[in-house]
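1. Please work out how this folds:
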Amino acid sequence: MITGRMLRDAFISGANNISNQRQAVDALNVFPVPDGDTGTNMSMSASAAKRELKRVPDDATVSRVADVCASALLRGARGNSGVILSLLFRGFSRGLKNETEADAEHIVRALEKGVESAYKAVMKPTEGTILTVARVAAMRAREELHADTTTEEIWDIILDAGREALAETPELLPVLKKAGVVDAGGQGLIVVFEGMAEVFHGRPGVEPGEEKPADSDSIHPDRNAAGEYVGEITHTYCTEFLVKKTENSIDPQDLREFLESIGDCVVVVDDDDIIKCHVHTDHPGQALEKAGTNGAQLTSLKIENMREQYEAQKASIVEPESDAGFKYAAVDPSREYGFVAVAAGEGVQKLFEDLGVDNIVSGGQTMNPSTDDILSAVHATPAKTVFVLPNNKNIIMAAEQATKLADRRVVVLQTRTIPQGLSAMLAFDPDADATANQLAMQKAFERVGTGQVTFAARDSDFDGHKIKEGELLALENGRLAFTEKDLTRAVVRLAKALTHRDSSFVTLLYGEEIEDGLAESVREAVADKLPDDVEVALIKGGQPVYYFIISVE
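-> Modelled structure (predicted):
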């Protein structure tokens, strides 16, 4: 049988294992564009769960451990691989619900529910990916499960089946076979499962490696071991608790507003059967009394004196919780619409602000923001309906998960590029209803042609192109169009390919590594090669990774 303590330690071991091996998983990515990559996204997502699990006591049930892991993974999920990982482990919380310990049947059921959730969340599931690895592992476990199968044996069956499915991924996805690699997401899942196996077999579990993962843990080095800022402490008590939801329990929004009135650093997550709460306050008793309105039951209470912690742990540093820097704002009944966009680069962010975006989540290709980052930005936008513009295909799933946790209506527009996001904002009509705006904005961004010029982070043989590290890559609407060695030629050629008979405007956003003089000379070269009736504009975007982003309308 697996106890809550074992399951907690297994999850932590799995998180450590993917963090230790993230670079090896990153290296499996076929597309040579320099981005966050699968291993990094899965590592950062798992680390979010690890931080929460470290607070779970030894005597917790498997149901409680799985709930904490699932909730933290969902909020910390980054990139498509991180979201799918969170959905798979969401199954554990559902499959182990109300269980004190878990046997082999519970584990199989939990994995099956996770696979079901992951497949439902992906609009067009692709076989030969992490989904296939998880599905095959669950199917094999069900087939080989017997009344006397132990938890150690069933996990070995899951691992063996997953490894076999992973080895077959190149046969299902030709691009993997051509590159001679297995699926990166599937490999990442196996790495997590291998870390968990260490604990299930009675071994100590995987410890963090000497080489620190390249994740958000280094963003706030000034936090103490309690995971709080060591700067000025406004309120004394860090207060955390769960409210068991009933028909008469307090409305999460009302509770949030009350906690805001007596403290700061408020987090209220309405999650299935519980409301998870966190607040820094001088009046923890008032917080608990309000949460217990109408006889609601409170559990997992924790009240800690942060001033004492600071003095006692001043010299210690642990992994901090991410802080997106957004302050919660209640919905203003008089305000119909608000906007959240994901963008990187001072110039690009300024463009979105000028178009009316309320809150911008810093991120993009090199740093996929988490679900919680996006959720925080949504909750800082005081509107009845909040439109979210991910502006990157690997951020869309994380944004869509935020809609399930938000306390207001959220509409995710599936913008995959910065130009698409800008075009969507230009199409917004404040006098139209939400549905009409959603359709109009979608039609607008689908008409925009996007070009991106970056460099190859590694040697690759991709989509018929033999690519050398450092070569310029020209992407036409997300697909690799050609490689080049000269930047000006690459931008001119790509702009011409995107421009058609009805095109009127071409906008060049130049990145943080491009000097103003060079950018202007590129603009002139593009203008010389396009029809006279096409206007070519140049904007200093300051974006990372992409030397130029081209918008054609």
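2. contacts and neighbour counts: CA atoms only from here.
-> Will do.
3. Show me how this protein divides into domains.
-> Domain assignment for the chain by automatic domain parsing gives 4-210, 234-306, 337-444, 449-552.
4. would you turn these into CSV with mean neighbour count, distance to Tyr328 and mean pLDDT?
-> Formatted as CSV, those follow (neighbours: other CA atoms under 10 Å; distance: least, CA to CA, whole Å; pLDDT from 0 to 100):
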stretch, mean neighbour count, distance to Tyr328, mean pLDDT
domain 4-210, 22, 16, 89
domain 234-306, 17, 8, 81
domain 337-444, 21, 5, 91
domain 449-552, 18, 28, 89
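5. so which strand or helix has Val68?
-> In the assignment (DSSP states H and E), Val68 maps to helix 62-76.
6. actually Val279, not the one I wrote
-> Using DSSP H and E, Val279 falls in strand 274-281.
7. after that strand, next one along is what?
-> Downstream of strand 274-281 (by DSSP H and E), the next one is helix 284-291.
8. correct me, but Gly91 touches Val108?
-> No: assessed by CA atoms under 8 Å, Gly91 is found out of contact with Val108, at 10.1 Å.
9. Report all helices and strands that the helix holding Val68 contacts.
-> helix 4-20, helix 38-53, helix 79-95, helix 371-379 (3 or more CA pairs under 8 Å, 6 or more residues apart in numbering; DSSP states H and E).
10. Following the chain past the last one, name the next helix or strand.
-> When you say that, I think you mean helix 371-379. strand 385-389.
11. got the angle for that following strand vs helix 371-379?
-> 140 degrees (axes from the mean of the first three to the mean of the last three CA atoms, to 10 degrees).
12. between the next helix or strand after strand 385-389 and helix 79-95, how big is the angle?
-> Where DSSP H and E defines the elements, the next helix or strand beyond strand 385-389 is helix 396-405. Orientation note: helix 396-405 sits at an angle of 40 degrees relative to helix 79-95 (the same axes, to 10 degrees).
13. What helices and strands are in contact with helix 396-405?
-> Counting by 3+ CA pairs under 8 Å, 6+ apart, helix 396-405 packs on helix 79-95, strand 263-271, helix 371-379, strand 409-412.
14. hey, what's the residue most central in space within the chain bridged with?
-> The centre of the chain sits closest to Arg78, judged by CA atoms, centre = their mean, with a distance of 2.0 Å. For Arg78, the beta-bridge partners are Ser370 (DSSP bridges).
15. Tell me if I'm right that it and Met42 touch.
-> Yes: between Arg78 and Met42 there is a contact under CA under 8 Å: 7.1 Å.
16. For the helix or strand containing Gln452, give me every contacting residue.
-> Assigned by DSSP H and E, Gln452 belongs to strand 449-455. Residues outside strand 449-455 that contact it (CA atoms under 8 Å, 6 or more residues apart in numbering): 33-34, 417, 419-420, 469-478, 490-491, 494-495, 498, 545-553.
17. and what of stretch 474-487?
-> For stretch 474-487, using CA under 8 Å, 6+ apart, the contacting residues are 449-454, 463, 465, 467, 471-473, 490-491, 494, 498.
18. residue contacts, Lys113?
-> Leu88, Arg90, Gly91, Phe92, Arg94, Gly95.
19. Same check on Phe387?
-> Per CA under 8 Å, 6+ apart, neighbours of Phe387: Tyr337, Gly338, Phe339, Val340, Val410, Val411, Val412, Leu413.
20. could you redo the last one with a cut-off of 6 Å?
-> Taking CA atoms under 6 Å, 6 or more residues apart in numbering, we find Phe387 in contact with Phe339, Val410, Val411, Val412.
21. Can you tell me how far it is from Val411?
-> Between Phe387 and Val411 the computed distance is 5 Å (CA to CA, to the nearest Å).
22. Could you do Tyr328 as well?
-> Using CA to CA, which is the criterion applied here, Tyr328 is 19 Å from Val411.
23. quick one on the thing from earlier: so of the contacts of strand 449-455, which ones are in strands?
-> Using DSSP state E, the subset of those located in strands is Leu472, Leu473, Ala474, Leu475, Glu476, Phe548, Ile549, Ile550, Ser551, Val552.
24. Gly338 contacts Ala383, correct?
-> Yes: counting by CA atoms under 6 Å, Ala383 is a contact partner of Gly338 at 5.3 Å.
25. Remind me what the one helix or strand Glu198 maps to packs against, helices and strands.
-> Taking DSSP H and E as the criterion, the element that holds Glu198 is helix 184-200. If you count contacts as 3 or more CA pairs under 6 Å, 6 or more residues apart in numbering; DSSP states H and E, helix 184-200 packs onto helix 4-20, helix 130-144.
26. between these, which one is nearest to Lys124?
-> helix 130-144 (11.3 Å; CA to CA).
27. Toward the C-terminus from the closest one, list the very next helix or strand.
-> helix 151-172.
28. what's in contact with that following helix?
-> Contacts for helix 151-172 (CA under 6 Å, 6+ apart): Asp103, Ala104, Gly128, Val133, Ala137, Ala141, Leu176, Lys177, Val182, Phe200.
29. Now do the helix or strand that comes right after that helix: everything it contacts.
-> Once the chain leaves helix 151-172, the next helix or strand it forms, by DSSP H and E, is helix 174-179. Contact with helix 174-179 is made by Pro170, as judged by CA under 6 Å, 6+ apart.
30. ok so, going back, among the contacts of Phe387, which one sits closest to Thr246?
-> Val410 (25.0 Å).
31. Identify the residues contacting the closest one.
-> Each residue near Val410 by CA under 6 Å, 6+ apart is listed here: Thr385, Val386, Phe387, Thr403.
32. ok, the nearest residue to it once chain neighbours are set aside - contacts?
-> Closest residue to Val410 apart from its sequence neighbours, by CA to CA, 6 or more residues apart in numbering: Val386 at 4.8 Å. Neighbouring residues of Val386 by CA under 6 Å, 6+ apart: Tyr337, Gly338, Phe339, Val410.
33. Specify the beta-bridge partners of the third one.
-> In this structure, Phe339 has the following beta-bridge partners (DSSP bridges): Phe387.
34. my read: it touches Asp358, true?
-> Yes: between Phe339 and Asp358 there is a contact under CA under 6 Å: 5.4 Å.
35. Off-centre distance for stretch 199-211?
-> How far stretch 199-211 lies from its chain's middle: 25 Å, per CA atoms, centre = their mean, to the nearest Å.
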